[in-house]
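Peer 1: Mind looking at a prediction? Sequence and model below.
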Amino acid sequence: MPPMTTFGQGEVWVKGFESLGIRMVPAPVAMNSTEVKGRPACIYDGWCHVGCPTGALANPTVTYLSSARKAKVNAEVRPFCTVPRVLTNQPGTRITGVEYFDDKKQRQVQEASVVVMAAWSGQNSRVLLNSATDKHAKGLANASGLLGRNMMTHSIAGINAIFDEDIQNHLGTIGAQFMSYDRYNKTSYKDAFGSTYITCGAAQKTHDMAGTRPDLFGPALHAYMKKAARGFTRVSMFGEELPNPDNRIELVSEKDEYGYPLGRLTHAFDDTAVALWNANLEEGQKAAKAAGAKEVWVGRAAIPTTHLHGGTVMGTGASNSVVNSFGQAHELPNLYVAGPSNFPTEGASNPTYTILAVSLRGAEHLAKNWGTVAG
């Protein structure tokens, strides 16, 4: 498909970044720019994050799930269920299924030949920790002691700007119109280390604009919103965090409604990550001013975070990781884990496409080896 249509709120940034030697190109957003397989093209209304009204946004509801149902392979979705624990046989050598609570909050057991953990990074770790047995006292697949460790998140250097002209900031998608990898080299900045991924041109809504100025009230907020409604836009510069085993998920004494320990995330950015964030803030402001913005500002109260990775990191063996490069647990051959919890490092790019690629790779491995894995 050709790139998505661009609008003024993204286009205004191109000149500013190019003046700094940073090339901006159309961003991939996993949305249809043209009709594909009966799914229509994007209408650019910008409400992607609350549910695409046309099916142009690729997600499992309109891609894999519908295909699985049409293929009559007995694919079934059980909504409003909670899985707190994965079950093993008595010797602790194989997975036998999962315990779950159904939509009526009744305990059930689903036997299974293979279990694929595909929850959020924090929940994958928490469930496996809660699945501890006498044979796996530290949690399932945790011989390395790294289950729940090396949690990583991207920093976000957000630069806000207002332009005089009407830049159609309500149009587009929630992702981005333009992106750049020209600061992806780990040593792009003299006094900082790590990759940077740059995006701009996400569609703006009223709460997005108002949220950038929490200091304004009454007439001052009204005056700001009149300008922002036509001329507000922002750029997001995502910074890489290096893996650190002290950034972790642990079980705590407090329990959920089903009686299982909750997980606590302990995390702090080190000096390297802070230096990268500051370098991104500085360069983003230079780009905004070079683009001709009339007002430029950033929020510095704390480093915003996004995209949690780690906790079930992949590696070469049970002594240094939780799963292999296919997401298969080293210690339990019929347990697979999918998602960004497998990432041993994170880079700076939005992880969605890497999640998809690695998950498909794991699914293909599982299908190819089903007889030995499930047997």
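Peer 2: Thanks, I have it.
Peer 1: Give me the neighbour count for residue 134.
Peer 2: 7 (other CB atoms under 10 Å). To be clear about C-beta, it is placed using only N, CA and C from the backbone, and glycine gets the same treatment.
Peer 1: What of residue 255?
Peer 2: 12.
Peer 1: Now the nearest residue to it once chain neighbours are set aside: phi and psi?
Peer 2: Nearest residue to residue 255, sequence neighbours excluded (CB to CB, 6 or more residues apart in numbering): residue 261, at 5.7 Å. As for residue 261, its main-chain torsions (degrees, to the nearest 10) stand at phi -60, psi 140.
Peer 1: how near is the spatially most central residue of the chain to residue 240?
Peer 2: Nearest residue to the geometric centre of the chain (CA atoms, centre = their mean): residue 307, 3.7 Å. For residue 307, the distance to residue 240 equals 11 Å [CB to CB, to the nearest Å].
Peer 1: Could you pull out the residues contacting both of the two?
Peer 2: Counting by CB atoms under 8 Å, 6 or more residues apart in numbering, the contacts common to residue 307 and residue 240 are 154, 346.
Peer 1: So what's the gap between the helix or strand where residue 234 lies and the chain middle?
Peer 2: Using DSSP states H and E, residue 234 falls within strand 232-239. Here strand 232-239 is found 16 Å from its chain centre; the criterion is CA atoms, centre = their mean, to the nearest Å.
Peer 1: Please export the C-alpha coordinates of that strand as PDB.
Peer 2: Extracted C-alpha coordinates of strand 232-239, given in PDB (Å, rounded to 0.1, in the frame of the first residue of the first chain):
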ATOM      1  CA  PHE A 232      -1.100  23.000  18.200                       C
ATOM      2  CA  THR A 233       1.100  20.000  17.400                       C
ATOM      3  CA  ARG A 234       3.800  18.000  19.100                       C
ATOM      4  CA  VAL A 235       6.700  15.700  18.400                       C
ATOM      5  CA  SER A 236       7.600  12.600  20.500                       C
ATOM      6  CA  MET A 237      11.200  11.400  20.800                       C
ATOM      7  CA  PHE A 238      11.400   7.900  22.300                       C
ATOM      8  CA  GLY A 239      14.600   7.100  24.200                       C
END
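Peer 1: helices and strands around that strand, which ones?
Peer 2: helix 8-18, strand 152-162, strand 196-200, helix 271-290 (3 or more CB pairs under 8 Å, 6 or more residues apart in numbering; DSSP states H and E).
Peer 1: Among these, show me which one is buried the most.
Peer 2: The highest mean neighbour count among those, using mean count of other CB atoms under 10 Å, belongs to strand 196-200: a mean of 27.
Peer 1: which outside residues touch that one?
Peer 2: So strand 196-200 is in contact with 10, 13, 17, 22, 24, 27, 175-184, 188-189, 233-240, 276, 279-280, 347-350, going by CB under 8 Å, 6+ apart.
Peer 1: could you point out which element follows it?
Peer 2: By DSSP H and E, the next helix or strand past strand 196-200 is helix 206-211.
Peer 1: That next one: which residues count as buried?
Peer 2: 208-209 (16 or more other CB atoms under 10 Å).
Peer 1: Show me what it is packed against.
Peer 2: helix 218-231.
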